[in-house]
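Participant: Sequence first, predicted coordinates after that:
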Amino acid sequence: MKLGKLLIYLSILVALAAYVYFVEIKHKQEQQAIEEKAAKIVHLEKDKIVEIELLSRDKEKIELKKPSDTWVLTAPIKTKADMSAVASLLHSITDAKPEKVVSEKDVKWEDYELDKPEFAVALGTKDQTAEIRFGSANPAKTSYYARVDEQPRLLLVPDTLKTSLNKSAFDLRDKTVVGLSPDQVDHIAISTEGKEIELQREAKDQWIMAKPERIRAKAAIIALNLRTLTNLTARSIIDDPDMDGDPYGLNDPQETILMAGKEREQTLLVGAIQKKEGGPGAEPDRYARIKGQDTVYVLDGRALKSLKTNPDELRDRSLLTFNPADIEKLEISLDGKTWLAAKDKDNKWSLEQPEKKEKLDAWPVTSILWDLKDLEWKSMTKPGPADLASVHLDKPQLTVSLFKKGDSEPLLLKAAWLVTAEKEGQEEGAKKDGQTPGPEQQPSAEKNVESPFKGTVAEVTPDKAAAPEGVSVLVQPQEEQGAIFAIDGSFVSRLRTDLKRLTEKN
């Protein structure tokens, strides 16, 4: 085939494709969009609407306006509007379609209560207005008769449309109590029942407790507290409260919660209990207000009760502080064996000891790292004993070294526990593996020494080592310098399982 003919055929093909797209596909899409828009009850663009009025026979007029980028409630009270509630209202209005057109003209509006409608919605842009009037329900009580502006058509619309639009002023007002977001808060002070705690942010995800004692605080629990506080919404709002006689218990509040940041601060005053409702055990709602403001809120008592304020709960008991993603090398000695895993330049893990294994499954290593990160102490002795042999840490049964990116020295964890039957089980297991027990596996001459971390001796079989008890731990470096910690022995059992998986065949 000659090149000239080929070009002609190609031009015809391109022309046909263009015709199909522009005439058949695009034209149909545009026509469909026009038909869908025409089928809607009102033809105003949602983003251009700047005013909404809800008019009802038995309620005050509700008026919403959008002077800038946000909506405000201007009647029956002037306050901020609930942006999500207004967005839902606009969505219902601009997407609404009639179920059917009952009549095109010559309608006796009084027969459908549309001469004096029970409820109406008026809305407008800067250039256009529209009004939907709702009359009586149909005989099945599933729909309402409606009229748009002065149009001659009688419409039937679903009852869900009226329900979604017929809101109260409380439904549409902003019910947020605290005007701060969690990331704006760097200082928290809570005073309740004569007790006081203070929390201070040191870094993005690091907090310390300054009162009643200076200790590291658990960032996850503080983050949960902040979300609870900043998401508090009022169950009801008293705009002009009568404070004579302190009926809300806010002159001498039962609880004060200060939240402060670099730019502003707010103090939530929590007062008396509202009349208790609900069954046995139900948490009563509480009166509250923001210091310096008159408005009184009724808050969900369960939300306030969920705040963690016990210093013991807030205390960070983590033994190791690190980001698992920052660890480049991991070395663990346990039961007479050493496991060494390292990342390559592509951040892929490989095993160096006890055997060579390239392309190591990452999830067992990740499991070990996260278990170490989440490891918490149960009790602490500070300062620890000068003689580490008294807690068996002169010859630890477990040593973990974590090498972080950019650090010259590793994070080091040493653990030891009382041993008798467990040692025998490990020795027998080691013989099965063809290994010679190391010095740390030899029967301890101090097996009868009483440890300050008391516990019964763990029983062990060659195939399955039970979780040891009385596990004492030393961590370097650690904020609590010189401290010896006690941990749950189940960590050792989990570690054994994960280490075994490192050498299993894929």
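Facilitator: On my side now, so go ahead.

Participant: Isn't H91 up against D47?
Facilitator: No - in this structure H91 lies outside contact range of D47 using Cβ atoms under 8 Å: 11.6 Å. Glycine gets a C-beta too; all of them are placed from N, C-alpha and C.

Participant: And those two? Which one has more around it.
Facilitator: H91 (12 against 9; other Cβ atoms under 10 Å).

Participant: part of a helix, is the more buried one?
Facilitator: Yes - the assignment for H91 by DSSP: H, G, I helix; E, B strand; the rest coil puts it in a helix.

Participant: That one and S168, how far apart?
Facilitator: 18 Å (Cβ to Cβ, to the nearest Å).

Participant: Then E150?
Facilitator: 28 Å.

Participant: So between those two, which is more surrounded?
Facilitator: S168 (13 against 6).

Participant: what's the spacing between that one and D58?
Facilitator: On the measure of Cβ to Cβ, S168 and D58 end up 12 Å apart.

Participant: L360 too?
Facilitator: 72 Å.

Participant: more neighbours, the two?
Facilitator: Neighbours were counted for L360 and for D58 using other Cβ under 10 Å; L360 has more, 19 against 6.

Participant: domains of the protein?
Facilitator: Domain assignment for the chain by automatic domain parsing gives 46-171, 182-312, 324-502.

Participant: can I get the CA coordinates of stretch 336-346 in CSV?
Facilitator: Output of stretch 336-346 as CSV, limited to C-alpha atoms (Å, rounded to 0.1, in the frame of the first residue of the first chain):
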residue,chain,number,x,y,z
GLY,A,336,23.0,-19.0,73.8
LYS,A,337,22.5,-17.8,70.2
THR,A,338,23.0,-14.5,68.4
TRP,A,339,20.8,-13.1,65.7
LEU,A,340,22.1,-10.2,63.6
ALA,A,341,19.9,-8.5,61.0
ALA,A,342,20.8,-5.4,58.9
LYS,A,343,19.4,-3.3,56.2
ASP,A,344,21.1,-2.9,52.8
LYS,A,345,21.2,0.3,50.8
ASP,A,346,17.7,-0.4,49.5
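
Participant: Now do the contacts for the closest residue to A223 other than its chain neighbours.
Facilitator: Closest residue to A223 apart from its sequence neighbours, by Cβ to Cβ, 6 or more residues apart in numbering: P182 at 6.7 Å. P182 makes contact with A223, L226, R227, T230, according to Cβ atoms under 8 Å, 6 or more residues apart in numbering.

Participant: Would you write a ChimeraX line that selects the buried entries of those?
Facilitator: Selection of buried members from those for ChimeraX, criterion 16 or more other Cβ atoms under 10 Å:
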select :226,230
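
Participant: if we take the contacts of P182, which one ends up nearest to K356?
Facilitator: A223 (42.3 Å; Cβ to Cβ).

Participant: Is the closest one part of a helix or strand, or is it coil?
Facilitator: helix.

Participant: before we move on, what about V86?
Facilitator: With three-state DSSP as the criterion, V86 reads helix.

Participant: now swap in K141 and tell me
Facilitator: Of the three states, K141 takes coil under three-state DSSP.

Participant: for it, phi and psi?
Facilitator: Here is the backbone geometry of K141 (degrees, to the nearest 10): phi 60, psi 30.

Participant: Just give me the neighbour total for it.
Facilitator: K141: 9 neighbours (other Cβ under 10 Å).
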